[in-house]
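# Sequence and computational prediction follow.
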Amino acid sequence: MPQTLAGTAARPFIVLDVPGPPCQTAAFTLPGIIMAANPVSFEEAVALLKAGEICAFPTETVYGLGADATNSGAVLKIYETKKRPRFNPLIAHCADFGMARSIAVFSPLAEKVAALWPGALTLVLPLRPEAGISDLVTAGLGTIGVRVPDLSLARDLIAAVSKPLAAPSANPSGRLSPTTAAMVRAAFHDCVPVLDGGACEKGVESTILAVDGNKIVQLRAGALPRSVVEAATGMPVEVAGEGAEVLAPGMLKSHYAPRAHLRLNAESVEPGEAYLGFGRHEGPSGALNLSPAGDLDEAARNLFAMLALLDEKGATGIAVAPVPDEGLGEAINDRLQRAAAPRDGN
Ligand code: TXA
Ligand code: MG
């Protein structure tokens, strides 16, 4: 029997309790959900997540594809929807430090770093096995990635569900992370319910740090510059090296990829290429510019949306202006390098 969501009688939105193909396109099937109203309301998002369904939601970095982190059936839907390799663990999003402490073990140093929450910072810490987090979230590792997002809408959602929400970026695996609800809907052919919170303030994903004994190691450059962590803790932040053991299984060389081929550090365009400028590198008239003023915050905010726009316009090649490698530029260049890396046919 189809079950109507509590409090949503006015909207034609139902969750089926039997798997079915109601939302199906040639490219994509999401079993069990009829999307008659998208984006969904806050109450609908809460009800979906409580019912073990997935729902995309905004954070200050990028949109996440959320599910109750304690419900393996729900978390499995994230992997299936994204076509994400199961070895790649998910970040558990918490409403506050208390919830984070209930699922991960914080050393005194980890607590010091966590004082930067809420924010664009994920900490990889020892898991509390008794917390009931699904093994699918951690991909069987003894650690868990935890984050308290800065966007109050995200924290309110987690608090209302009263469970940590597992949420990778809300894009098909290996593709660009979405920074608007419209990007999420387009990426999944409108088959994924989305809570719309407007455009993401930061535009690139969180910085991931492992706190290991007396060391802080950056596993992924992100929206919180390393220098901020160093200033707050008085400790150096090491960068996990190329040859190092892969500490963040998701740091695949080719990732965040648009369809078009990317050429980096380009000061001019070649025939047939679209140009993505930065600062004074403006390219030909009509080209997009990540930030005409050369502002890295603005560039990060525009990065994924502009790459997606050039992709939509059917550019086969995108030449990207040089972006300085300082502060947020580290995360921007990291994403650009992964987007430019050779990929295996996807
Ligand atoms: O800003 C963000 O971090 C966004 C928003 C939605 O919060 N989320 C995000 O998730 O970027 P995702 O799944 O696209 O990237 C998470 C990364 C992956 O590279 C994964 O391998 C790594 O975090 N990760 C998660 N848990 C880990 C763990 N226990 N140990 C090492 N790496 C972990
Ligand atoms: Mg991602």
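Cool, got the structure. Residues are numbered from 1 along each chain as shown. Ligands and ions are numbered 1, 2, ... in the order given.
# distance of the nearest residue to P322 once chain neighbours are set aside from ligand 1?
Nearest residue to P322 in three dimensions, chain neighbours excluded: N265, at 4.6 Å (Cβ to Cβ, 6 or more residues apart in numbering). Yep, even glycine has a C-beta here, placed from its N, CA and C like the rest. In this view, N265 and ligand 1 are 25 Å apart by Cβ to the nearest ligand atom, to the nearest Å.
# got a list of what N265 touches?
N265 sits next to V320, A321, P322 when contact means Cβ atoms under 8 Å, 6 or more residues apart in numbering.
# Including pLDDT, secondary structure and distance to W117, could the residues you listed go into TSV?
Formatted as TSV, those follow (pLDDT from 0 to 100; DSSP: H, G, I helix; E, B strand; the rest coil; distance: Cβ to Cβ, whole Å):
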residue	pLDDT	secondary structure	distance to W117
V320	97	strand	32
A321	98	coil	34
P322	98	coil	33
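# Just the buried ones from those?
Among the contacts of N265, those classed as buried by 16 or more other Cβ atoms under 10 Å are V320, A321.
# Pick out the residue nearest the middle of this structure.
Central residue of the chain (Cα atoms, centre = their mean): S169, 2.6 Å from the mean position.
# give me the beta-bridge partners of that one?
Using DSSP bridges, the bridge partners assigned to S169 are G64.
# Report the separation between it and C200.
Distance, S169 to C200, using Cβ to Cβ, to the nearest Å: 10 Å.
# what's the overlap in contacts for those two?
With Cβ under 8 Å, 6+ apart as the test, S169 and C200 both reach V62, Y63.
# Could you check how far the closest residue to S72 other than its chain neighbours is from L157?
Once flanking residues are discounted, S72 sits nearest to S134: 4.2 Å by Cβ to Cβ, 6+ apart. Separation of S134 from L157 (Cβ to Cβ) stands at 19 Å.
# number of nearby residues for the residue nearest to S72?
19 (other Cβ atoms under 10 Å).
# Quick check on it: phi, psi?
Backbone geometry at S134, expressed as degrees, to the nearest 10, gives phi -60, psi 140.
# Correct me if wrong: it contacts K77.
No: S134 is not in contact with K77 according to Cβ atoms under 8 Å; the separation is 11.5 Å.
# Provide a list of residues in contact with A56.
For A56, the contacting residues are Y63, G64, L65, G66, A170, P178, A181, V184, V192, P193, V194, L195, by Cβ under 8 Å, 6+ apart.
# go again using 7 Å as the cut-off
Each residue near A56 by Cβ atoms under 7 Å, 6 or more residues apart in numbering is listed here: Y63, G64, L65, G66, A170, V184, V192, P193, V194, L195.
# same question, L195
P39, V40, F42, A45, C55, A56, F57, P58, L157 are the contacts of L195 under Cβ under 7 Å, 6+ apart.
# same thing but 6 Å
Neighbouring residues of L195 by Cβ atoms under 6 Å, 6 or more residues apart in numbering: V40, A45, F57.
# Give me the buried positions along the helix or strand hosting R155.
Using DSSP states H and E, R155 falls within helix 152-161. Within helix 152-161, the residues scored as buried using 16+ other Cβ under 10 Å are L153, A154, R155, L157, I158, A160, V161.
# close to ligand 1, is that helix?
No: Helix 152-161 lies out of reach of ligand 1 by Cβ under 6 Å from any ligand atom, never closer than 8.3 Å.
# following that helix, which helix or strand shows up next?
strand 165-166.
# and after that following strand, which helix or strand comes next?
Under the assignment DSSP H and E, the closest C-terminal helix or strand after strand 165-166 is helix 181-187.
# Note down every partner strand of whichever helix or strand comes after that following helix and its orientation.
Tracing the chain past helix 181-187, the next element assigned as helix or strand by DSSP H and E is strand 207-212. Sheet pairing for strand 207-212, assigned by DSSP bridges, gives strand 121-126 (parallel), strand 215-220 (antiparallel).
# hmm, strand 207-212 touching ligand 1?
Yes: for strand 207-212 and ligand 1, the contact criterion (Cβ under 6 Å from any ligand atom) is met by I208.
# same thing with stretch 294-314?
No: using Cβ under 6 Å from any ligand atom, stretch 294-314 stays clear of ligand 1, coming no nearer than 11.3 Å.
# buried set for that stretch?
For stretch 294-314, a neighbour-count test (16+ other Cβ under 10 Å) marks 296, 298-311 as buried.
# Number of residues surrounding E201?
E201 has 18 neighbouring residues, counting by other Cβ under 10 Å.
# Can we start the residue count at 50 from this point?
Okay, residue one is now 50; in that scheme the one you just asked about reads as E250.
# show me the contacts for it.
By Cβ under 6 Å, 6+ apart, the contact list for E250 reads E109.
# Can you tell me how far it is from ligand 1?
Taking Cβ to the nearest ligand atom, one finds E250 at 11 Å from ligand 1.
# one step back: take the buried residues of helix 201-210 and write them to TSV, including pLDDT.
Converted to TSV, the buried residues of helix 201-210 look like this (pLDDT from 0 to 100):
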residue	pLDDT
L202	98
A203	98
R204	98
L206	98
I207	98
A209	98
V210	98
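# For K161, grab the count of nearby residues.
Number of residues near K161 (other Cβ under 10 Å) recorded here: 17.
# Would the strand or helix carrying it count as contacting ligand 1?
Element membership for K161, per DSSP H and E: helix 157-163. No: looking at helix 157-163 against ligand 1 by Cβ under 6 Å from any ligand atom, there are no contacts, and the closest approach is 13.4 Å.
# No further queries at this time; thank you.
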